[in-house]
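Trainee: Show me the folded form of this:
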Amino acid sequence: MLRTTRGFTLVEMIVVMLMLAVVASIALPRAVKSSPELQVDLAARALARDLEQLRMRAIAAKRSVRVIFDESQNFYTAFMDLTPMRSGSFSLTNDEVRESGLLTRGSSGGVPGVRLRKNVEYGSGSASAGPQSFAADEPVDLENDWVEFDARGMVTPAGSSGVIYLVHSDEPAAVAAVTISGASAFNTWRYRGGRWIK
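Mentor: Residues are numbered from 1 along each chain as shown. Sure thing, here's the model as predicted:
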């Protein structure tokens, strides 16, 4: 009587595993690579989250905080008023940034701060107008080109608002924006199909 067995041999299993490994090594990097739109959207969300955290730090420390954007380096950093009398003045020195310890996820020229994601830079790309009737002429459209929070977390000067545009360096249609209202609210926007979506 002949006995038939069904199953796989060890050699067959190894061949199948090797084939799966080859397919995965080719397909995985393509699946993980994010689109230009996603890269810009993630950078805008990170910026809005940082601004909100800095606003909360100003409230907690009862001190003014200023966020400065360096368009040439695709970088931003924050300063805190460290004067004994909390006068609301800033020396804007590297030492002040280090002592403040506010944004420390990177650096530019030894200054702690945040560098924008790879392939993301300040700019409005192919957007001809901004969200909420903001102009799209400048990448950072803020009074004095910075955001400042007072000790109560309010944007100063009082009632001022603005927008910061981010664009993908290889795809001018991949644009996002962070708007700042006079009430210290931050919103992120995506530019899709010629219009802004919240």
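
Trainee: In contact with the spatially most central residue of the chain, which residues?
Mentor: Centroid-nearest residue in the chain, with C-alpha atoms, centre = their mean: residue 43, separated by 2.8 Å. Applying C-beta atoms under 8 Å, 6 or more residues apart in numbering to residue 43 gives the contacts 116-117, 120, 166, 176. Where C-beta positions appear, they are placed from N, C-alpha and C, glycine not excepted.

Trainee: max-length strand in the chain?
Mentor: Using DSSP state E, we find that the single longest strand of the chain is strand 171-180.

Trainee: Strand partners (parallel or antiparallel) of that strand?
Mentor: Using DSSP bridges, the strands paired with strand 171-180 are strand 162-168 (antiparallel), strand 186-192 (antiparallel).

Trainee: What is the lowest-mean-pLDDT helix or strand in the chain packed up against?
Mentor: Sorting the helices and strands of the chain by mean pLDDT, DSSP states H and E puts strand 106-108 at the bottom, at a mean of 73. Judged by 3 or more C-beta pairs under 8 Å, 6 or more residues apart in numbering; DSSP states H and E, strand 106-108 is in contact with strand 75-80, strand 111-115.

Trainee: Now with 7 Å, please.
Mentor: Counting contacts by 3 or more C-beta pairs under 7 Å, 6 or more residues apart in numbering; DSSP states H and E, strand 106-108 packs against strand 111-115.

Trainee: Perfect, I'm done here.
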